[in-house]
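Novice: I'll drop the sequence and a predicted model, then ask my questions.
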Amino acid sequence: MRIYLPPRATAGAPKRSIGTFMARILVLGGDGFCGWPTSLYLSGRGHEVRIVDNLSRRKIDVELEVESLTPIRPLSVRLAAWKELSGKDIPFETFTVGQNYHRLVTLLRDMRPDVVIHFAEQRAAPYSMKSPSHKRYTVNNNLNATNDVLCAIVESKLDVHLVHLGTMGVYGYGTAGMTSLSSTIFRAGRSTSSWKSNR
């Protein structure tokens, strides 16, 4: 993954060439199976990365009494290992994106990221079908998280590029003719979508 962004049009800011831009990147869901390797990759490429995660994937594993085939160390241990290996820090904050809106807005204003990568969704279809409460949790968490990310970017008044990879087009829509996978990149005021239809 390469991050190519135009330099910010800020008065007095030094000009940076597109190919060498080192971005400030906020990874939502950065402890997850997509977020963690993405965070390491971008940090290793020299970008300034910060993770937000509510550790729900770990809590769900405890609830279901399951473990990953590959042992997953606590996030603090993973971050310390990355620091020892690379010499780079990845700051981490714990909160739920779809519930702590003002904290998200404050973080955006304080960090002023160039890019927000949004992976903060409950990803497991079997979990979402376990019971009515699990279904409601999944829909509430995933839709509110995405809505709050979009609203927070607008409220922060920052020129932020948003990359979103989510699962809400997958669960429960097979007979409704809706998309089964959607990935949208919002870039410089435009959106580019690619999707695969169930039909």
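Specialist: The structure has been received and is ready for your questions. Numbering: from 1, shown residues only.

Novice: Buried residues, whichever strand or helix holds N147. List them.
Specialist: According to DSSP states H and E, N147 maps onto helix 132-156. By 16 or more other CB atoms under 10 Å, the buried positions in helix 132-156 come out as 134, 137-138, 141-142, 145-146, 148-149, 152-153, 156. Bear in mind the C-beta positions are built from the backbone N, C-alpha and C, glycine included.

Novice: Could you pull up phi and psi at the nearest residue to L79 once chain neighbours are set aside?
Specialist: Among residues not flanking L79 along the chain, I90 sits closest, at 5.7 Å (CB to CB, 6 or more residues apart in numbering). Dihedral angles of I90 (phi, psi; degrees, to the nearest 10) stand at phi -120, psi 100.

Novice: do the same with R73
Specialist: Torsion angles, degrees, to the nearest 10, at R73: phi -70, psi 160.

Novice: From D31, how far off is it?
Specialist: Per CB to CB, to the nearest Å, R73 is found 11 Å from D31.

Novice: And the two? Which one has more around it.
Specialist: Each of R73 and D31 has its neighbours counted (other CB atoms under 10 Å); D31 has more, 25 against 10.

Novice: Please identify which helix or strand holds the more buried one.
Specialist: Counting by DSSP H and E, D31 is part of no helix or strand.

Novice: can you check I51 too?
Specialist: Assigned by DSSP H and E, I51 belongs to strand 48-52.

Novice: other SSEs contacting that strand?
Specialist: With contacts taken as 3 or more CB pairs under 8 Å, 6 or more residues apart in numbering; DSSP states H and E, strand 48-52 sits against strand 24-28, helix 35-44, strand 92-93, helix 101-111.

Novice: and those, which is most packed in?
Specialist: strand 24-28 (a mean of 24; mean count of other CB atoms under 10 Å).

Novice: Averaged pLDDT, stretch 66-75. What do you get?
Specialist: The pLDDT scores in stretch 66-75 average 84.

Novice: what comes into contact with it?
Specialist: With CB atoms under 8 Å, 6 or more residues apart in numbering as the test, stretch 66-75 has contacts from 31, 51, 53, 55, 58, 61, 81, 92.

Novice: circling back: can you count the residues close to the residue nearest to L79?
Specialist: 21.

Novice: Tell me how far it lies from V105.
Specialist: 22 Å.

Novice: Same question for P91.
Specialist: Distance from P91 to V105, by CB to CB: 18 Å.

Novice: next one: N142
Specialist: 20 Å.

Novice: Over to E48?
Specialist: 20 Å.

Novice: starting at the chain centroid, how far to stretch 47-62?
Specialist: Here stretch 47-62 is found 10 Å from its chain centre; the criterion is CA atoms, centre = their mean, to the nearest Å.

Novice: Pull it out as PDB, backbone CA atoms only.
Specialist: The C-alpha trace of stretch 47-62 is given here as PDB (Å, rounded to 0.1, in the frame of the first residue of the first chain):
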ATOM      1  CA  HIS A  47       4.200   7.100   8.200                       C
ATOM      2  CA  GLU A  48       3.100   8.400  11.600                       C
ATOM      3  CA  VAL A  49       0.500   5.900  12.700                       C
ATOM      4  CA  ARG A  50      -2.000   6.000  15.600                       C
ATOM      5  CA  ILE A  51      -4.400   3.200  16.500                       C
ATOM      6  CA  VAL A  52      -7.900   3.400  17.900                       C
ATOM      7  CA  ASP A  53      -9.600   0.100  19.000                       C
ATOM      8  CA  ASN A  54     -12.100  -0.900  21.600                       C
ATOM      9  CA  LEU A  55     -10.600  -4.500  21.700                       C
ATOM     10  CA  SER A  56     -14.100  -5.900  21.000                       C
ATOM     11  CA  ARG A  57     -12.600  -8.800  18.900                       C
ATOM     12  CA  ARG A  58     -10.700 -10.000  21.900                       C
ATOM     13  CA  LYS A  59     -13.800  -9.700  24.100                       C
ATOM     14  CA  ILE A  60     -15.900 -11.600  21.600                       C
ATOM     15  CA  ASP A  61     -13.300 -14.400  21.600                       C
ATOM     16  CA  VAL A  62     -13.600 -14.600  25.400                       C
END
